[in-house]
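Colleague: quick one: sequence plus predicted model below, questions after.
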Amino acid sequence: MTFELPVETHPGRIRAVTLGATPDQGGTRTSTVTVGGASSMPFLWFEGDYPHPPAIGMEVYDTPPERYPPVLKGVFGDLLAHPDEMAKHLVEKCGADVISLRLDGTHPEKGNRPADEASKVVRAVLEAVGVPIIVNGHGHFEKSNEVLRRVAEDHAGERLLLSWVETENYRTVAAACLAYGHCLVAQSPIDFNIAKQLNILLSNMDFPLDRIIIDPLTSAVGYGNEYSYSVMERLRLGALNGDEMTQMPMIITAGWECLRAKEAAAPVSEYPQWGELGRRLVNWEINTCGSLLLAGGDLLVVNHPESVERLRALVNDLMGGKVSSIQGCGLTPQV
């Protein structure tokens, strides 16, 4: 008796989105990153193809968060005060495919740095590394819009990924991305219908659908991760079944979410049963990314260098050994 593996094919495909632009494309990047393009659910090789492996980015801050873990302060030290130097370290020593720059220092309650100063930080990071850059605003939309609009204009042609817009606040940043050739993160609050509606709104502005990445709002392990998974999986299934307004790659902001997870930052002296703090933080990022990879995550953003090393090995395994060799971070692996 023989067993034939059932194969389910899909009429749809995830759009491929390319971040960064080389000099012949109007930018200054020495490399670009393309995510998306799959015609099957993640890593189901017998049902379709998966042309671009998930990319891995790392976070850089103009102003580190107040709750920035001591473990990461110990890893990066003085680099935290120099976003350009830290970005270079993350690319050259840790193998980051993409740099995610957070401009929290422009928030009115966290320094209120002016837009022109923020744009200079972006310029410094662009000059320090050759990989694509994600530029993140914050929840104070009036100031964030001002900053991202200035960044978009000052760095026209670089094909930055500007993050983020929501259904109630999308026109200003989307128009700037449209005018100056950048890509856009469309964020929704763990909701399939809102994610789709935002893409419809952007499409109505004639925003190119191959320049949109969906942020379904990542939840860290223990903080609604299973809910994020179910919404992401539904978005991916809808896309593969032909829904054009959900056929965008998805970004997983695990590093940002895990910073706020109590278990990833609480001292061993208070919770000795939780184990060594450095191991906890890395495992929180790995488990958050690992689960959401299987729901359709295409771009993973983390904080810890060891997370990159271990995620690269995981992606390489899931891709059947098709990913280039892992760049070592000079760290001792923690199991």
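Modeller: Received the coordinates, thanks.
Colleague: can we go C-alpha only for contacts and neighbour counts from here?
Modeller: Will do.
Colleague: the helix-or-strand element of the chain with minimal mean pLDDT packs against which elements?
Modeller: Every helix and strand in the chain was compared by mean pLDDT, DSSP states H and E; the lowest is helix 262-265, with a mean of 82. Other helices and strands packing on helix 262-265, by 3 or more C-alpha pairs under 8 Å, 6 or more residues apart in numbering; DSSP states H and E, are helix 277-293.
Colleague: now the element after the helix it packs on, going C-ward?
Modeller: strand 297-302 (DSSP states H and E).
Colleague: packing partners of that following strand?
Modeller: Partner elements for strand 297-302 (3+ C-alpha pairs under 8 Å, 6+ apart): strand 55-61, strand 250-252, helix 254-259, helix 277-293.
Colleague: kindly export the helix or strand following it (C-alpha atoms) in PDB.
Modeller: Sequence-wise, the next helix or strand downstream of strand 297-302 (DSSP H and E) is helix 305-318. Extracted in PDB, the C-alpha atoms of helix 305-318 (Å, rounded to 0.1, in the frame of the first residue of the first chain):
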ATOM      1  CA  PRO A 305      23.300  39.400  18.400                       C
ATOM      2  CA  GLU A 306      22.900  35.800  19.500                       C
ATOM      3  CA  SER A 307      19.300  35.900  18.400                       C
ATOM      4  CA  VAL A 308      20.500  36.700  14.900                       C
ATOM      5  CA  GLU A 309      22.900  33.800  14.900                       C
ATOM      6  CA  ARG A 310      20.300  31.300  16.100                       C
ATOM      7  CA  LEU A 311      17.600  32.600  13.800                       C
ATOM      8  CA  ARG A 312      19.900  32.400  10.800                       C
ATOM      9  CA  ALA A 313      20.500  28.800  11.700                       C
ATOM     10  CA  LEU A 314      16.800  28.200  12.100                       C
ATOM     11  CA  VAL A 315      15.900  29.900   8.800                       C
ATOM     12  CA  ASN A 316      18.700  28.000   7.000                       C
ATOM     13  CA  ASP A 317      17.300  24.700   8.300                       C
ATOM     14  CA  LEU A 318      13.700  25.600   7.300                       C
END
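Colleague: report the rounded mean pLDDT for helix 305-318.
Modeller: The average pLDDT within helix 305-318 is 94.
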